[in-house]
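Trainee: Build the 3D model from these lines:
(2 chains)
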Protein chains: 2
Amino acid sequence: MPKPNVREEILAAGVDTLHRHGFNATSVQDITDAAGVPKGSFYNHFESKEALGAEVVQRFMQNRKAHLAILRDPNMAPLSRLRKYFEGMNQMFAKNNCSHGCLLGNFGAELSDQSPLIRERLAGAFDEWSKLIANVIAESQAAGDMSKDFSPKTLAGFFLNGWEGALLRARVDKNRAPLDQFLEVSFAKVLT
Amino acid sequence: MPKPNVREEILAAGVDTLHRHGFNATSVQDITDAAGVPKGSFYNHFESKEALGAEVVQRFMQNRKAHLAILRDPNMAPLSRLRKYFEGMNQMFAKNNCSHGCLLGNFGAELSDQSPLIRERLAGAFDEWSKLIANVIAESQAAGDMSKDFSPKTLAGFFLNGWEGALLRARVDKNRAPLDQFLEVSFAKVLT
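Mentor: Residues are numbered from 1 along each chain as shown, chains lettered A, B, ... in the order given. Just a heads-up that it's a prediction; the model follows:
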């Protein structure tokens, strides 16, 4: 009978290695080596690397839940929460020399045309994340702190996608300036 | 002696296959098969797949030169050129079911931490592209058509990175709405 924690060890190692090296550059053996389990044990728990990749997307979102709670902090004005959340994200990526980027963005670039299963999970994860941002924007608009010329949904998509693009550029440039400029311009001109 | 057109055939096939399938999912054999040349001929012309990848970045930019000329069209107002150029890009990606995305963005996500050589070429290509957009924005600011509260360089980076992020989301969602909403919000709120 498979040990119950082997599955968990493979999943945790999958999140880490697939995030660091990308999906196609990582083999099942790389993942089981990182997990410290025999390669043969992988297929007792996952049908394929693709099946693991789909679970990795969901686990990646779960791992971000604590940080995302800032977006609902009742002690801060809506836009302050949004700013604090993304300043924390920028800080985290900059500390890491702008390496690795966002697993959702990376998988999106690499796998959207290769794996319908993973693409669908990514679409769900981005939708969930966008909705949390749209809720903050809706609160801000309701409080009269932001113009209503675009819907919360449109502005949340614009903002989240723009941040993903800025992160991609920061990785290419190995420089956090695109991330900081993204927040500066967005808060001065878009979220107003 | 190697035939002079074999190198060109490999390079053209490299642009196409690496764009369609990504760098790590494509083998040298996939590229030589697509080029219709023997696998063994690859290493007469390129030191490695990475060396080809670096040239592919430059060729990809060269292939875009004709379309980029819109940005310098003296018969159109600066912001109309920018809008026409990106509307053309959105149309092109939407026609293709939002598949494949931008080779620069894809390589950026996949290779920024894997290949210093390709990362450097990508940084140069993004910088070149950003400068063309910054020139248009500077013209628009000089003509009094746009606020000068941010520099052309900052706005060009914000705009180009945001468009790359919108393209990534359009690929994940298989829906052009993020691309169209990106232009709508940018022209209403940022490039004003």
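Trainee: count of neighbours near the closest residue to chain B within chain A?
Mentor: Per Cβ to the nearest Cβ, residue A:165 is where chain A lies closest to chain B, at 2.6 Å. To be clear about C-beta, it is placed using only N, CA and C from the backbone, and glycine gets the same treatment. The number of residues packed near residue A:165 is 29, by other Cβ atoms under 10 Å in any protein chain shown.
Trainee: Now the element after the helix or strand hosting residue A:68, going C-ward?
Mentor: Element membership of residue A:68 [criterion: DSSP states H and E] is helix A:65-68. Reading on from helix A:65-68 to the C-terminus, the next helix or strand found by DSSP H and E is helix A:78-95.
Trainee: right, and the helix or strand after that following helix?
Mentor: Helix A:78-95 is succeeded, C-terminally, by helix A:103-111 (DSSP H and E).
Trainee: Mind checking if the very next helix or strand once past that following helix is in reach of chain B?
Mentor: Counting by DSSP H and E, the next helix or strand C-terminal to helix A:103-111 is helix A:116-142. Yes: on the criterion Cβ under 8 Å from any Cβ of the partner chain, helix A:116-142 is in touch with chain B at A:119, A:122-123, A:126.
Trainee: and which of those residues is nearest to residue A:17?
Mentor: Using Cβ to Cβ, residue A:122 is the member of the residues of helix A:116-142 next to chain B that lies nearest residue A:17, at 18.0 Å.
Trainee: List of residues touching the lowest-mean-pLDDT helix or strand in chain A?
Mentor: Within chain A, no helix or strand scores below helix A:65-68, which has a mean of 93 by mean pLDDT, DSSP states H and E. Outside helix A:65-68, the residues that touch it by Cβ atoms under 8 Å, 6 or more residues apart in numbering or on different chains are A:85, A:88-89, A:129, A:132.
Trainee: For those residues, give me TSV that also has neighbour count.
Mentor: Below are the contacts of helix A:65-68 laid out as TSV (neighbours: other Cβ atoms under 10 Å in any protein chain shown):
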residue	neighbour count
A:85	19
A:88	12
A:89	17
A:129	19
A:132	16
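Trainee: possible to save these as CSV with pLDDT?
Mentor: Listed next are the contacts of helix A:65-68 as CSV, based on pLDDT from 0 to 100:
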residue, pLDDT
A:85, 97
A:88, 96
A:89, 96
A:129, 97
A:132, 97
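Trainee: how deep is residue A:58 tucked in, by neighbour count?
Mentor: So residue A:58, with other Cβ under 10 Å, has 15 neighbours.
Trainee: got a list of what it touches?
Mentor: Residue A:58 neighbours (Cβ under 8 Å, 6+ apart): A:121, A:125.
Trainee: tell me the secondary structure for it?
Mentor: Under DSSP: H, G, I helix; E, B strand; the rest coil, residue A:58 falls in the helix class.
Trainee: Same check on the one 4 residues further on?
Mentor: In three-state terms, and counting by three-state DSSP, residue A:62 is helix.
Trainee: neighbours of it, just the number please.
Mentor: Neighbours of residue A:62 (other Cβ under 10 Å): 10.
Trainee: before we move on, what about residue A:175?
Mentor: With other Cβ under 10 Å as criterion, residue A:175 counts 15.
Trainee: Without its sequence neighbours, what residue ends up closest to it?
Mentor: residue A:98 (6.8 Å; Cβ to Cβ, 6 or more residues apart in numbering or on different chains).
Trainee: okay, now the one you found: neighbour count?
Mentor: 24.
Trainee: give me every residue that touches it.
Mentor: Counted by Cβ under 8 Å, 6+ apart, residue A:98 has contacts A:167, A:170-171, A:173-176, A:179.
Trainee: do that again at 6 Å, thanks
Mentor: Contacts for residue A:98 were tallied using Cβ atoms under 6 Å, 6 or more residues apart in numbering or on different chains; they are A:170-171, A:174.
Trainee: Show me the shaky parts of chain A.
Mentor: Low-confidence segments of chain A (pLDDT under 70): A:1-4.
Trainee: Domain map for it?
Mentor: If you go by automatic domain parsing, the domain ranges for chain A are A:4-56, A:64-190.
Trainee: Hmm, residue A:138 is touching residue A:152, no?
Mentor: Yes: counting by Cβ atoms under 6 Å, residue A:152 is a contact partner of residue A:138 at 4.1 Å.
Trainee: what about those two, which has more around it?
Mentor: Applying other Cβ under 10 Å to residue A:138 and residue A:152 shows that residue A:152 carries more neighbours, namely 21 against 18.
Trainee: Tell me if I'm right that the more buried one and residue A:135 touch.
Mentor: No: contact criterion Cβ under 6 Å: residue A:152 and residue A:135 do not qualify, at 7.3 Å.
Trainee: which neighbours do those two share?
Mentor: By Cβ under 6 Å, 6+ apart, no residue touches both residue A:152 and residue A:135.
Trainee: Enumerate the positions of the helix holding residue A:68 that are buried.
Mentor: Going by neighbour count (16 or more other Cβ atoms under 10 Å in any protein chain shown), nothing in helix A:65-68 comes out as buried.
Trainee: Distance from that helix to the middle of the chain?
Mentor: Relative to its chain's centre, helix A:65-68 lies at 11 Å (Cα atoms, centre = their mean, to the nearest Å).
Trainee: who does the helix or strand residue A:11 falls within touch, helix- and strand-wise?
Mentor: Secondary structure assignment for residue A:11, by DSSP H and E: helix A:4-21. For helix A:4-21, the contact count by 3 or more Cβ pairs under 6 Å, 6 or more residues apart in numbering or on different chains; DSSP states H and E identifies helix A:28-35, helix A:49-63 as packing neighbours.
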